[in-house]
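Novice: let's see this in three dimensions:
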Amino acid sequence: MGGTGHMVVRLEPGLHLIATPIGAARDITLRALDILASADVLAAEDTRTLRHLMEIHGIPLGNRPLVAYHDHNGAQAGPRLLAALAEGKSVAYASEAGTPLVSDPGYQLARDAIAHGLTVRAAPGPSAALAALMVSGLPSDRFLFVGFPPSSGGARQSFLEGIARADATVILYESPKRIHRLLDELGQFVEGTRKMTLCRELTKRFEENLHGTLQDLIGMLADREVKGELVLLVDRAPAQVAGEDEIDLALRQALKAHRVKEAAAMIAGAFGVPKRDVYQRALTLSEHMAGEADAAGDGKAGL
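Specialist: Reported below is the predicted structural model:
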């Protein structure tokens, strides 16, 4: 036992992945602290964050190497860490916050270690995705973590379509600057009544969890500048109880008195299906109905 009260033991050689607090500094396991006190080499996504965490818990770095490993230096730092592992040393890698490899650059390091036949171990702990699922009130028997949305283009459209169709609670991360855009665009793929939870600043002083439908969340954030780390959770897609024929029949009636966009919104809300899908169907039906009207007119003119 060291002077800090943390167990200093001979660690098994290999890569030890350590989950670190996402907010409250005491949200770290005793085992993780023991590993930080004992590892031959320390590596971190952000070395300043790890140094601060170790200082809070009274763990000295001593003369041990502390290596930065992140998206921008993996090609340089990775071989150095793999060499240490090949020499039979223990290497502890810590995420900046949360669980390594979950939206974190440690994935490549772990994959390379495995490819070289080296041992990889996990010291599980905090995870923003799982903490958000715990407080969301949404089904947890099946969930899908999808990370950050693509910024634009076809990849973003496919991403949003996947969320709309998922038969599991979807968990994603988003920045405060882009959350309004994300919710607005989700409205094109997901029915407005879909239940969601937006978690902000989990385990921190100003933690806030907003629960409601997609439309509720859009309203809650309408005139608000959002700050802090965000996790958005989206309920699974509803069971499709209405068939295409039933939806088409309702659309035909609605299109007789309303424009395409209005009719699509009405029917999407009534049947609980994504507005975007109904809008595309309404466009097609509107063209067919126009063609039928023209044909009927031509027939009368020939009489």
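Novice: what about the strands in this structure?
Specialist: Listed in chain order, the strands of the chain (DSSP state E) span 14-18, 41-44, 66-68, 90-94, 120-123, 143-147, 169-174, 195-200, 208-213, 230-234.
Novice: which other helices and strands contact the shortest one?
Specialist: This points to strand 66-68. The contact analysis (3 or more Cβ pairs under 8 Å, 6 or more residues apart in numbering; DSSP states H and E) places strand 66-68 against strand 41-44, helix 47-56, helix 74-86. For glycine as for every other residue, the C-beta is placed from the backbone atoms N, C-alpha and C.
Novice: out of these, which is closest to E191?
Specialist: When those are compared by Cβ to Cβ, helix 47-56 sits nearest E191, at 40.2 Å.
Novice: who are the packing partners of the closest one?
Specialist: With 3+ Cβ pairs under 8 Å, 6+ apart as the test, helix 47-56 has helix 30-38, strand 66-68 packed against it.
Novice: how far off centre is the longest one?
Specialist: The one in question is helix 30-38. Relative to its chain's centre, helix 30-38 lies at 28 Å (Cα atoms, centre = their mean, to the nearest Å).
Novice: cool, and the shortest one?
Specialist: Going by Cα atoms, centre = their mean, the spacing between the C-alpha centre of strand 66-68 and its chain's C-alpha centre is 27 Å.
Novice: give the buried residues for it.
Specialist: The neighbour-count check on strand 66-68 (16 or more other Cβ atoms under 10 Å) flags V67 as buried.
Novice: follow-up on the earlier one: any idea which of the helices and strands packed on helix 47-56 is most buried?
Specialist: helix 30-38 (a mean of 20; mean count of other Cβ atoms under 10 Å).
Novice: what helices or strands is that one leaning on?
Specialist: strand 14-18, helix 47-56, strand 90-94, strand 120-123.
Novice: can you redo those as TSV with mean pLDDT and distance to I163?
Specialist: Converted to TSV, the helices and strands packed on helix 30-38 look like this (pLDDT from 0 to 100; distance: least, Cβ to Cβ, whole Å):
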stretch	mean pLDDT	distance to I163
strand 14-18	97	28
helix 47-56	97	31
strand 90-94	97	30
strand 120-123	96	28
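Novice: just so I know, which of those lies nearest G243?
Specialist: Comparing the helices and strands packed on helix 30-38 by Cβ to Cβ, strand 120-123 comes nearest, at 46.6 Å.
Novice: circling back: what's the closest of the strands of the chain to R51?
Specialist: The nearest among the strands of the chain, by Cβ to Cβ, is strand 66-68 at 7.1 Å.
Novice: tell me the bridge partners for the residue most central in space within the chain.
Specialist: The centre of the chain sits closest to L172, judged by Cα atoms, centre = their mean, with a distance of 1.8 Å. Counting by DSSP bridges, L172 is bridged to G147, L232.
Novice: please report the distance of it from L144.
Specialist: 9 Å (Cβ to Cβ, to the nearest Å).
Novice: cool, and P124?
Specialist: In terms of Cβ to Cβ, P124 sits 20 Å off from L144.
Novice: you'd agree Q188 is up against D277?
Specialist: No - look at Q188 against D277 with Cβ atoms under 8 Å: they stay out of range, at 9.7 Å.
Novice: just give the number of residues close to I163.
Specialist: By the measure other Cβ atoms under 10 Å, the count of residues near I163 is 22.
Novice: next, count neighbours for A257.
Specialist: 9.
Novice: quick one: contacts for it?
Specialist: If you count contacts by Cβ atoms under 8 Å, 6 or more residues apart in numbering, A257 has none.
Novice: quick one: residues in contact with stretch 44-62.
Specialist: Taking Cβ under 8 Å, 6+ apart as the rule, stretch 44-62 contacts 4-6, 20-21, 25, 28, 33, 36-37, 42, 66-70, 93-97, 104-106.
Novice: can you flag the buried ones in those residues?
Specialist: 6, 20-21, 28, 33, 36-37, 42, 67, 69-70, 93-97, 104-106.
Novice: still on that earlier bit, wait, which of the helices and strands packed on helix 47-56 is closest to I163?
Specialist: helix 30-38 (32.6 Å).
Novice: related to what we said a few turns ago, hmm, the residue nearest to the centre of the chain is touching G147, no?
Specialist: Yes - under the criterion of Cβ under 8 Å, L172 makes contact with G147 at 6.5 Å.
Novice: one step back: Q188 and D277: who's more crowded?
Specialist: A count of neighbours by other Cβ under 10 Å puts D277 above the other of Q188 and D277, at 18 against 15.
Novice: against I267, how distant is that one?
Specialist: From D277 to I267 the distance is 10 Å (Cβ to Cβ).
Novice: thanks again, I'm all set now.
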